[in-house]
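1. Here is the input, now give the coordinates:
(one chain, ligands or ions: 2)
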Amino acid sequence: MLLLSLPRFMNATKAASSRRLASSLKSQRLLFTRLPQKATAVPLKQPTPAFYSTAHASPLKERLAQLIPKRREEVKKFRAEHGSDVLGEVTLNQIYGGARGVPALLWEGSVLDPNEGIRFRNLTVKECQEKLPSATHGKQPLPESMFWLLVTGEVPTANEVQALSAEWAARAQLPKFVEDLIDNCPNTLHPMAQLSLAITALENDSVFSKAYHSGVSKADYWQFTYEDSMDLIAKIVPIAGRIYRNLYRDGVVAPIQPDKDYGYNLANVLGFSNNEEFVELLRLYLSIHSDHEGGNVSAHTGHLVGSALSSPFLSMAASLNGLAGPLHGLANQEVLDFLLKMKESVGDDYSDETLEKYLWNILDNGQIVPGYGHAVLRKTDPRYLAQRDFALEHLPEDPMFKLVSRLYEVVPRVLTKHGKTKNPFPNVDSHSGVLLQYYGLKEQTFYTVLFGISRTLGVMAQLIWDRALGLPIERPKSFSTEVLKKRIEKA
Ligand SMILES: CC(=O)SCCNC(=O)CCNC(=O)[C@H](O)C(C)(C)COP(=O)(O)OP(=O)(O)OC[C@H]1O[C@@H](n2cnc3c(N)ncnc32)[C@H](O)[C@@H]1OP(=O)(O)O
Ligand SMILES: O=C([O-])CC(=O)C(=O)O
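-> Ligands and ions are numbered 1, 2, ... in the order given. Take a look at the predicted model:
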């Protein structure tokens, strides 16, 4: 059985949490009958529609089935006691200003502090690096462990992480028509557009959509959302591999290895698995880009589209289309473009003055400096710092890294003097490109695809909870300028 044949890639010493139920499931019915009495708020009488396969062992689903009833109760009580409490007010500027700071969304996986940066289920990036299980000879968190943390709020054991690796590998097979769809894309179509197309096409096998139309109970939606989410996380890896190999290599994609972890398999389908340092970089990358609370464009879009009960595939495709914008996830492509052009212009023997002059030229032309600024953060992004630490350890002499390091000092000075940007410090996108190009993944148009794979972890983790908590369709109120004027006059 897959679980038992997995190699010793886990660093079990870092598995901090107590041992939980980890035995594999034989069937969905078994899952529910094995749970303690108290956990039966998730109905036992769940139908098993003909299209629905229980082939995949899933300790994570088992854990969720225990957590969901308690959380439902907790939220019910919380809302009953505090449902009318006021959390903030909205100004006219916030309506015109992208709803910045308006408390409007529920997001369980992570919360962003403007100065400290992101906490994934209350763990900082550094704490995740210390506490989450990593590969045997590695230091970075395995993306599987990050997903478990995002979904459950708990640090997984090495066994739980192994089971997730096996489950994702087992679900990775692509439908033939999706492979053909990717193969038929013109090579002028941006990799993010190809990714979004392929993810949309996975809708064909959505068990959530089929379950909805077969009339399953609302209380069971989370289970079908879980199934689609796990398929999506698994299949996005060979999809990305196919896009990359078609566009930039020989079109041949290595098969998913059932006994390897997610980061390794991603490196392998891209053609880079012979470099363990690169595999570690991918594990770090996939973990830290996964979630950034709920208000960012990709997370919010996935959540919004999912609220209409569109399937996880349709929700994530929408999310990826948002991530593909240059002010959001495309910035990591834009940053490398910017660095390469800058390098060409200033040469190798640059000074702070030549860099500043180059930057002022950009700003005076009304353009932005990609990789700097943030809608919420007001200090250097800790995800930037985690990547900087990686570079200091593995590529301290790389000329592009040296340029990034110089800019880390120069850009905040220039942006502060420029006086517009609320946050003159670097964000996550400022650093990823130089790391990837160092290991030979030089095609920057592909970088946002990696971001998309990682962001799928965070968006899916929340979508499972959206359905578990029965969140309604999202529908905030909008106004025209005329109506706003009238309301302000009245007020
Ligand atoms: C994963 C991520 O999504 S991280 C962000 C990735 N995006 C980038 O790196 C692109 C560069 N940065 C930006 O464009 C912005 O800082 C954003 C989109 C990230 C945030 O936008 P906002 O919250 O509107 O930023 P802020 O309130 O500081 O903007 C105020 C002004 O400063 C400008 N500004 C903000 N950042 C920059 C920058 N890096 N370079 C130049 N000008 C900037 C804005 O364009 C805006 O100008 P305007 O008044 O003429 O419209
Ligand atoms: O939080 C944001 O608005 C953008 C961001 O850094 C992310 O989504 O990772």
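2. Tell me how many other residues crowd the residue of the stretch 351-491 of the chain found nearest ligand 2.
-> With CB to the nearest ligand atom, the shortest gap between the stretch 351-491 of the chain and ligand 2 falls at Ala375, namely 4.6 Å. The C-beta positions use only the backbone N, C-alpha and C, and glycine is treated the same way. A total of 18 residues lie near Ala375 under the criterion other CB atoms under 10 Å.
3. What of Val90?
-> 13.
4. pLDDT value on the spatially closest residue to His289 that is not a sequence neighbour, please?
-> What sits nearest to His289 in space, not counting adjacent residues and going by CB to CB, 6 or more residues apart in numbering, is Ser454, at 3.7 Å. Ser454 is assigned 99 on the pLDDT scale.
5. With just CA atoms, put the host helix or strand of Ser454 into CSV.
-> If you go by DSSP states H and E, Ser454 is part of helix 447-468. Taking C-alpha atoms only, helix 447-468 is exported to CSV below (Å, rounded to 0.1, in the frame of the first residue of the first chain):
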residue,chain,number,x,y,z
TYR,A,447,6.9,32.1,-12.3
THR,A,448,3.3,33.0,-11.5
VAL,A,449,2.3,29.4,-12.2
LEU,A,450,4.4,28.3,-9.2
PHE,A,451,2.7,31.0,-7.2
GLY,A,452,-0.7,29.6,-8.4
ILE,A,453,0.1,26.1,-7.3
SER,A,454,1.0,27.4,-3.8
ARG,A,455,-2.0,29.7,-3.6
THR,A,456,-4.2,26.7,-4.4
LEU,A,457,-3.3,25.3,-1.0
GLY,A,458,-4.6,28.3,0.9
VAL,A,459,-7.7,28.9,-1.2
MET,A,460,-8.7,25.2,-1.1
ALA,A,461,-8.2,25.1,2.7
GLN,A,462,-10.6,27.9,3.2
LEU,A,463,-13.1,26.6,0.6
ILE,A,464,-13.4,23.4,2.6
TRP,A,465,-14.2,25.5,5.7
ASP,A,466,-16.6,27.7,3.7
ARG,A,467,-18.7,24.7,2.9
ALA,A,468,-18.2,23.1,6.3
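6. What lies in contact with the helix or strand following it?
-> Heading C-terminal from helix 447-468, the first helix or strand you meet, by DSSP H and E, is helix 481-490. Residues from elsewhere that reach helix 481-490, judged by CB atoms under 8 Å, 6 or more residues apart in numbering: 92, 95, 479.
7. what's the spacing between Val237 and Val449?
-> 11 Å (CB to CB, to the nearest Å).
8. likewise Val428?
-> 16 Å.
9. Ala331 too?
-> From Ala331 to Val449 the distance is 14 Å (CB to CB).
10. go on, Gly138?
-> In terms of CB to CB, Gly138 sits 23 Å off from Val449.
11. what number of residues lie near the residue nearest to the residue of the stretch 351-491 of the chain closest to ligand 2 when sequence neighbours are not counted?
-> Using CB to CB, 6+ apart and skipping residues adjacent in sequence, the residue nearest Ala375 is Arg100, 6.2 Å away. Arg100: 11 surrounding residues under other CB under 10 Å.
12. unless I'm mixing things up, Ile473 is touching Gly306, no?
-> No - judged on CB atoms under 8 Å, Ile473 makes no contact with Gly306 at a distance of 9.8 Å.
13. Where does pLDDT dip in this structure?
-> The chain contains residues with pLDDT under 70 at 1-48, 54-55.
14. Show me which residues of the chain are close to ligand 1?
-> Within the chain, the positions near ligand 1 by CB under 6 Å from any ligand atom are 327-329, 331, 368-375, 420-423, 427-429.
15. Report the buried members of those.
-> The neighbour-count criterion (16 or more other CB atoms under 10 Å) marks 328-329, 331, 368-375, 421, 423, 427-429 among these as buried.
16. Most widely separated two among those?
-> Between any two of those, the greatest separation by CB to CB is 19.2 Å, found for Gly329 and Thr421.
17. Helices of the stretch 301-450 of the chain, residue ranges please.
-> 312-323, 331-346, 352-364, 382-394, 399-418, 429-438, 447-468 (DSSP state H, counting those that start in this stretch).
18. Right, and ligand 1 sits closest to which residue of the protein?
-> Nearest residue of the chain to ligand 1 (CB to the nearest ligand atom) works out as Gly373 at 2.2 Å.
19. right, and that residue touches Leu415 too?
-> Yes - with contact defined as CB under 8 Å, Gly373 and Leu415 form a contacting pair (7.3 Å).
20. What residues does Lys459 make contact with?
-> Not Lys; residue 459 is Val. Val459 is in contact with 298-299, 302-303, 315-316, 319, counting by CB under 8 Å, 6+ apart.
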